[in-house]
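K.L.:
Structure for this input, please:
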Amino acid sequence: MQRFNLYQEEYYPSPLMHVWLEFKKSHIALVGFFILLMFCVIALIAPFITPYDPNIQNTNAILLPPSWEPNGTINHLFGTDSLGRDVFSRLLYACRTTFGSSIFMVLIAVFIGISIGALAGVLSGVRSSVVNHLLDSIMSIPTLLIAIVIVAIMGTGLFNSMMAITLALIPQFVHQTRTFVKTELQKDYIVLDKLDGLGPFRIFAFSILPGMVELIVIQATLALSVAIIDVSALGFLNLGAQDPSVELGLLLSQSLDVAYVAPWLVFIPGLCIFLMVLSVNIVGEGFRSALRNRLSR
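P.N.:
Numbering: from 1, shown residues only. Below is the predicted model:
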């Protein structure tokens with residue numbers, strides 16, 4: 001149906017709406033977006049939709065199979081574990097812990113990394129060279145290894161593992177931001193801003209930062225997938241979340257002893273980790289393509 005327009009004016013969508021229209025053209029990206037949205041909803045409302053307390057044990061219902069098995073029951077949708085705890089309730093809380101903590105860590109890493117990177121980009125001479133080589137040295141070490149070393153020093157626990165992964169993610173944003181700022185400072189429009197009397201902060205905030213949107217999206221999606229894997233890996237190694245906390249990697253670790261008897265206890269948390277990382281990468285690639293298509297027009 002044709003939209004009625006009294007003044008016969010052309011409709012020009014806003015930049016954000018234009019990105020969304022470009023993003024919707026990819027059906028795979030849209031499916032990934034809805035999967036990611038599902039995990040976001042779970043992270044927000046998990047305590048309100050769980051049928052049981054995730055730590056309540058029931059000795060009369062140990063290792064019940066999922067509801068789709070012949071011996072399963074609808075009262076426990078994904079069955080129970082070796083202590084009689086409801087797997088569905090524990091899975092919702094585990095997704096909330098893993099996904100929510102990963103988003104929180106990436107947001108902190110983005111803020112700190114961009115701030116330090118912008119400052120490093122303005123520096124010059126020996127100070128700039130020292131910062132650059134230091135960042136290159138840190139980035140050559142895998143983030144998980146850095147996180148393990150920091151956790152070994154600070155101690156185990158979810159909070160300590162979050163701090164360790166955040167510290168491991170920050171150098172990536174610092175390096176990318178510094179390189180981008182150094183490149184942009186040599187361009188003509190920045191020279192014009194300097195001639196107009198703008199200071200370094202205003203130049204970065206109003207001229208350089210808007211052009212960093214695509215870079216931030218790329219690095220944030222990569223960092224989010226890395227954070228999810230690292231949180232799960234530390235939990236699996238018993239260096240991250242500890243009982244009574246519930247986390248996907250910890251669920252995998254606790255299920256190894258009964259993997260041959262109850263394989264669904266390993267399959268379901270592993271599938272959730274896989275879907276999280278896959279949806280983040282698909283959505284990130286979709287938004288990168290949408291941004292490139294918008295900027296190319």
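
K.L.:
In this structure V258 contacts L252, no?
P.N.:
No - at 11.9 Å, V258 and L252 do not qualify as touching, with contact defined as Cβ atoms under 8 Å. Where you see a C-beta, it was placed from the backbone N, CA and C, and this is true even at glycine.

K.L.:
neighbour count winner among these two?
P.N.:
It is L252, of V258 and L252, that has more neighbours when counted by other Cβ atoms under 10 Å, with 23 against 15.

K.L.:
mind checking pLDDT for the more buried one?
P.N.:
Per-residue confidence (pLDDT) for L252: 90.

K.L.:
can I get the CA coordinates of the host helix or strand of L21 in CSV?
P.N.:
Under the criterion of DSSP states H and E, L21 resides in helix 15-24. The C-alpha atoms that make up helix 15-24 are tabulated as CSV, following Å, rounded to 0.1, in the frame of the first residue of the first chain:
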residue,chain,number,x,y,z
PRO,A,15,21.3,6.7,9.9
LEU,A,16,20.2,4.2,12.6
MET,A,17,17.1,3.2,10.6
HIS,A,18,19.1,3.0,7.4
VAL,A,19,21.5,0.5,9.1
TRP,A,20,18.5,-1.5,10.4
LEU,A,21,17.0,-1.6,6.9
GLU,A,22,20.3,-2.8,5.4
PHE,A,23,20.7,-5.4,8.2
LYS,A,24,17.2,-6.9,7.6
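
K.L.:
could you point out which element follows that helix?
P.N.:
Downstream of helix 15-24, the first helix or strand assigned by DSSP H and E is helix 27-49.

K.L.:
just for the stretch 1-150 of the chain, where's the confidence low?
P.N.:
The stretch 1-150 of the chain contains residues with pLDDT under 70 at 1-15, 123-129, 131-133, 136, 139.

K.L.:
hmm, 50 instead?
P.N.:
For the stretch 1-150 of the chain, the stretches with pLDDT under 50 are 1.

K.L.:
Roughly how far does P263 sit from P66?
P.N.:
10 Å (Cβ to Cβ, to the nearest Å).

K.L.:
out of the two, which sits in the more crowded spot?
P.N.:
When P263 is set against P66 and neighbours are counted by other Cβ under 10 Å, the residue ahead is P66, at 20 against 11.

K.L.:
so how far is A46 from that one?
P.N.:
Applying Cβ to Cβ, one obtains 19 Å for the distance of P66 from A46.

K.L.:
V266 too?
P.N.:
Noted for V266: a distance of 21 Å to A46, by Cβ to Cβ.

K.L.:
Helix, strand, or coil at G72?
P.N.:
coil (DSSP: H, G, I helix; E, B strand; the rest coil).

K.L.:
Return the residues in contact with V261.
P.N.:
If you count contacts by Cβ atoms under 8 Å, 6 or more residues apart in numbering, V261 has them with L63.

K.L.:
any idea which element it lies in?
P.N.:
Under the assignment here (DSSP H and E), V261 is part of no helix and no strand.

K.L.:
Tell me the helices and strands packed up against the helix or strand hosting F111.
P.N.:
Counting by DSSP H and E, the element that carries F111 is helix 87-122. Helix 87-122 is packed against helix 27-49, helix 126-139, helix 158-184, helix 213-236, helix 248-255, helix 264-295, with contacts defined by 3 or more Cβ pairs under 8 Å, 6 or more residues apart in numbering; DSSP states H and E.

K.L.:
Between those, which one is closest to I103.
P.N.:
Closest of the helices and strands packed on helix 87-122 to I103 is helix 213-236, at 6.9 Å (criterion: Cβ to Cβ).

K.L.:
What residues does the residue nearest in space to the middle of the chain make contact with?
P.N.:
The residue lying closest to the centre of the chain (Cα atoms, centre = their mean) is L224, at 2.4 Å. By Cβ under 8 Å, 6+ apart, the contact list for L224 reads 102-103, 106, 280, 284.

K.L.:
cutoff 7 Å now
P.N.:
Taking Cβ atoms under 7 Å, 6 or more residues apart in numbering as the contact definition, L224 lies against 102-103, 106, 280.

K.L.:
What of L248?
P.N.:
Counting by Cβ under 7 Å, 6+ apart, L248 touches 94-95, 98, 232, 235, 269, 272-273.

K.L.:
Try it again at 6 Å.
P.N.:
Contact partners of L248, counting by Cβ atoms under 6 Å, 6 or more residues apart in numbering, are 94, 98, 232, 269, 272-273.

K.L.:
Narrow these to those that are buried.
P.N.:
Among those, those buried by neighbour count (16 or more other Cβ atoms under 10 Å) are 94, 98, 232, 269, 272-273.
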